[in-house]
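Student: here is a sequence with its predicted model. Questions after.
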Amino acid sequence: MTVARSGTIAAKSIDRKPEAPRARLAWDRSAHLRALGERVYDIVVVGGGATGCSVARDAALRGLDVCLVERSDLAFGASSRSTRFIHGGIRYLKTYEFGFVREGLHERSILMAVAPHLVKPMQFLYPAYRGGTTSRFALRLGVGLYDLLAGRKRLSGSRLLSLSDTLALEPRLREQDLTGSVLYTDAGTDDARLVIETAVAAVEAGATVAVHVEAERIVPSETGPAVLILRDRLSGAPLGARGAVVVNAAGAWVGGILDAPMRAEKPRATALLRPSRGSHVVISESALPLTRVVVMTSRSDGRILFAVPSGGFTYLGTTEVPHEGGLDEVRAGAEEVDYILSVARGAFRDFSVSRDQVLATWSGIRPLLDRPHQPTGRLSRDFRVMQEAPGVVTVAGGKLTSCRRMAEAAVDLAAQILANRFGRRADDCITAWKLFPGAEGPTRGGDDDLPPGLDPDVARHLTGTYGSRAARILKKIASNAPLGVPFVAGCAATPAEVIHAVECEGAVRLGDLLYRRLHPHFVEARMARPEGRDLALGASRVMAAWLGWNEARRAEEVEAAVAEWQRSFAVPGKR
């Protein structure tokens, strides 16, 4: 093996073997594109976010013939730009949305059971301050109610802490007027990884999934299947698909692709939505070292935000502001960054991070259901499923935690339409107990099963991220040790993981890999530094070898990935 001076693995060590033809890709985009026009699908799903991928998985597991198209990449929008929690939403107890919280906690328990390698418990510390909006004992009652609503699926560890115990756990908390805290357990996830694995499960169940394919128009029919006018955004080629039922799960983009004359006599889905922007900032761990998630309460408006430790970094968020611009270019505003930092300054002592010290940001558009005369920050994350035109089901609203339940409701309605219009019967929903890929066996064996000399951080990352699917990646490393060498120091991303993303997870652009397939703390903040460029260069060499890119195409992919970071993750107004 040769190593370039930048620390990246030279292309020579990852050249594809001649006997590994492209047709051996487990997820070959060209094969999925060819399948689009070959038959009439039972269900065509528009949108490759958490909801759309969950619909595809649910429908495929019911024995239906399913196709999903996504105009960008899987999880490209809000589904990779959340606060990365799977939770009931403790803040909704204040607005007495007990049924909504209970359903969220129920979904949390299901996701933790069917995808334990993806959805994991996280400890939260909720400080109480004298003169604040909620006393320590009120917090304890609230957390007690939260656990009660979870029923038998409650997570252990909730307890009331004294002032001294609180500061022992998180000594950086602002001590003035602090009276203690409540410690409780919720769940977290890598949001993009959850979506990718959902799509993998759909493909393994027989679904066709085509990324970078835009649905320009849905043309419903009163008497037969709907027609979708599609375009391959990589080649520009026109495409088409037909579906007995179309499920529009495009999030904030649900409007605009359904032929207006065919709409039902009811409000358009877009009229039901109020897009809201939620932004986050990433800072170095040394600027705010934490051992668990800390709930921060804004002293200016009472809003709850979170400070979350994540792999050598800490991220803070989220905001909740009306979004009035375009949906394709979404980024945090300078005023949002300043607001988040001001909340952190009020929550922690000696916190003096300025906007210039922020490493990265991210922002997503939440398609919230509109409630007249209600401020955006108080809108619920509830959802609606409706038939918006003959054979067209639209899913609006919701949040990451509810993606499985939203999919179940959407496929229930789609199955009813299939039965009534076409006599096609679907099996029952099984997603409440069907394990995800990676959860179907031991997440890892003993250390004797690991390739000799493998970096322990790489081993922990692979087994903790992919569950039992890590065996495939570890096997590659065992047969070719350089594939297990990290691209850059302090980051566990390796060529073997990149190859896996191309072969098995549908990654066809460098940005797909960096921002949706690799762990976010590998990339988001690092891309602001030289090491991030080194990671992008190393990964591009691997993708070029596997996908047949020439040098010019590889350079274009690197520049496009850097440009995507500048559009979506750069810090506004940073000097």
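Tutor: Everything's here; your move. Residues are numbered from 1 along each chain as shown.
Student: right, and residue 536 touches residue 563 too?
Tutor: No: contact criterion CB atoms under 8 Å: residue 536 and residue 563 do not qualify, at 11.4 Å. C-beta: built from backbone N, CA, C; applies to glycine.
Student: so for those two, which sits in the more crowded spot?
Tutor: residue 536 (25 against 11; other CB atoms under 10 Å).
Student: what about the more buried one, which helix or strand?
Tutor: Per DSSP states H and E: residue 536 is located in helix 530-547.
Student: that helix: how far from the chain's middle?
Tutor: When distances are taken as CA atoms, centre = their mean, to the nearest Å, helix 530-547 is centred 22 Å away from the chain's centroid.
Student: angle of the next helix or strand after that helix against helix 530-547?
Tutor: Next in sequence after helix 530-547, counting helices and strands by DSSP H and E, comes helix 551-568. Using axes from the mean of the first three to the mean of the last three CA atoms, to 10 degrees, the direction of helix 551-568 lies 130 degrees away from that of helix 530-547.
Student: quick check: buried residues in stretch 462-476?
Tutor: 462-474, 476 (16 or more other CB atoms under 10 Å).
Student: for the residues you listed, which one is nearest residue 330?
Tutor: Set against residue 330, the nearest of these by CB to CB is residue 465 (26.2 Å).
Student: list the contacts of the closest one.
Tutor: Listed by CB atoms under 8 Å, 6 or more residues apart in numbering, the contact set of residue 465 reads 117, 190, 193, 519.
Student: in helices, which of those fall?
Tutor: residue 193 (DSSP state H).
Student: show the buried residues in the contacts of residue 465.
Tutor: 117, 190, 193, 519.
Student: got those as JSON lines, with pLDDT and distance to residue 96 columns?
Tutor: What follows is the buried ones among the contacts of residue 465, written out as JSON lines (pLDDT from 0 to 100; distance: CB to CB, whole Å):
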{"residue": "117", "pLDDT": "96", "distance to residue 96": "35"}
{"residue": "190", "pLDDT": "97", "distance to residue 96": "32"}
{"residue": "193", "pLDDT": "98", "distance to residue 96": "34"}
{"residue": "519", "pLDDT": "93", "distance to residue 96": "37"}
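Student: mind putting the residues you listed in a markdown table, distance to residue 217 included?
Tutor: Converted to a markdown table, the buried ones among the contacts of residue 465 look like this (distance: CB to CB, whole Å):
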| residue | distance to residue 217 |
| --- | --- |
| 117 | 39 |
| 190 | 34 |
| 193 | 32 |
| 519 | 37 |
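Student: closest to residue 38 among these?
Tutor: Closest to residue 38, out of all of the buried ones among the contacts of residue 465 and judged by CB to CB, is residue 193, at 30.6 Å.
Student: ok, now which ones touch the spatially closest residue to the closest one that is not a sequence neighbour?
Tutor: Distances taken as CB to CB, 6 or more residues apart in numbering place residue 118 nearest to residue 193, at 6.3 Å, with adjacent residues excluded. Going by CB under 8 Å, 6+ apart, residue 118 touches 111, 189-190, 193-194, 197, 436, 438-439, 467.
Student: count the residues that sit near the residue lying closest to residue 92 once chain neighbours are set aside.
Tutor: Take residue 92 and drop its neighbours on the chain: the residue closest to it by CB to CB, 6+ apart is residue 101, 5.2 Å away. Counted with other CB under 10 Å, the neighbours of residue 101 add up to 22.
Student: what helices or strands is the helix or strand containing residue 101 leaning on?
Tutor: If you go by DSSP H and E, residue 101 is part of helix 98-114. The elements that helix 98-114 packs onto, with contact taken as 3 or more CB pairs under 8 Å, 6 or more residues apart in numbering; DSSP states H and E, are strand 85-86, strand 119-129, helix 136-150, strand 178-189, helix 403-422.
Student: flag every buried residue along the longest one.
Tutor: Think helix 403-422. Buried, per 16+ other CB under 10 Å, within helix 403-422: 403-415, 417-418, 421.
Student: CA atoms only for that helix, dumped as CSV, please.
Tutor: What follows is helix 403-422, C-alpha atoms only, in CSV (Å, rounded to 0.1, in the frame of the first residue of the first chain):
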residue,chain,number,x,y,z
CYS,A,403,-42.2,7.9,9.6
ARG,A,404,-43.1,4.2,10.1
ARG,A,405,-46.6,5.1,11.3
MET,A,406,-47.1,7.6,8.5
ALA,A,407,-46.1,4.9,6.0
GLU,A,408,-48.5,2.4,7.5
ALA,A,409,-51.4,4.8,7.2
ALA,A,410,-50.5,5.8,3.6
VAL,A,411,-50.2,2.1,2.5
ASP,A,412,-53.4,1.2,4.3
LEU,A,413,-55.2,3.9,2.1
ALA,A,414,-53.3,2.9,-1.0
ALA,A,415,-54.2,-0.8,-0.4
GLN,A,416,-57.9,0.2,0.0
ILE,A,417,-57.7,2.0,-3.4
LEU,A,418,-56.0,-1.0,-5.0
ALA,A,419,-58.6,-3.4,-3.8
ASN,A,420,-61.6,-1.1,-4.8
ARG,A,421,-60.3,0.0,-8.2
PHE,A,422,-58.2,-3.0,-9.4
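Student: related to what we said a few turns ago, pick out the shakiest of the helices and strands packed on helix 98-114, pLDDT-wise.
Tutor: By mean pLDDT, the lowest-scoring of these turns out to be helix 136-150, with a mean of 94.
Student: give me the mean pLDDT for the next helix or strand after it.
Tutor: Per DSSP H and E, helix 136-150 leads on to strand 159-161 as the next helix or strand towards the C-terminus. Averaged across strand 159-161, the pLDDT comes to 95.
Student: list the buried ones in strand 159-161?
Tutor: 160-161.
Student: roughly how far does the residue nearest to residue 92 sit from residue 319?
Tutor: 22 Å (CB to CB, to the nearest Å).
Student: next: residue 180.
Tutor: Residue 180 sits 28 Å away from residue 319, taking CB to CB as the criterion.
Student: try residue 55
Tutor: Separation of residue 55 from residue 319 (CB to CB): 29 Å.
Student: A strand includes residue 425, no?
Tutor: No: Residue 425 is assigned coil when assessed by DSSP: H, G, I helix; E, B strand; the rest coil, not a strand.
Student: number the chain from 32, please
Tutor: Noted, 32 is the first residue going forward, which turns the last one into residue 456.
Student: I'd say it and residue 450 touch.
Tutor: Yes: using CB under 8 Å, residue 456 is in contact with residue 450, at 5.9 Å.
Student: the helix or strand hosting residue 426 - contacts with which helices or strands?
Tutor: Element membership of residue 426, judged by DSSP H and E, is strand 423-428. Secondary structure elements in contact with strand 423-428, counted by 3+ CB pairs under 8 Å, 6+ apart, are strand 269-279, helix 300-303, strand 391-400, strand 414-420, helix 434-453.
Student: give me the below-cutoff pLDDT ranges for the protein.
Tutor: 32-55, 287-302, 402-411, 473-479, 606 (pLDDT under 70).
Student: recalculate using a threshold of 80.
Tutor: 32-56, 164, 285-305, 356-360, 399-412, 472-480, 606 (pLDDT under 80).
Student: in stretch 194-201, which residues are buried?
Tutor: Going by neighbour count (16+ other CB under 10 Å), the buried part of stretch 194-201 is 194, 197-198, 200-201.
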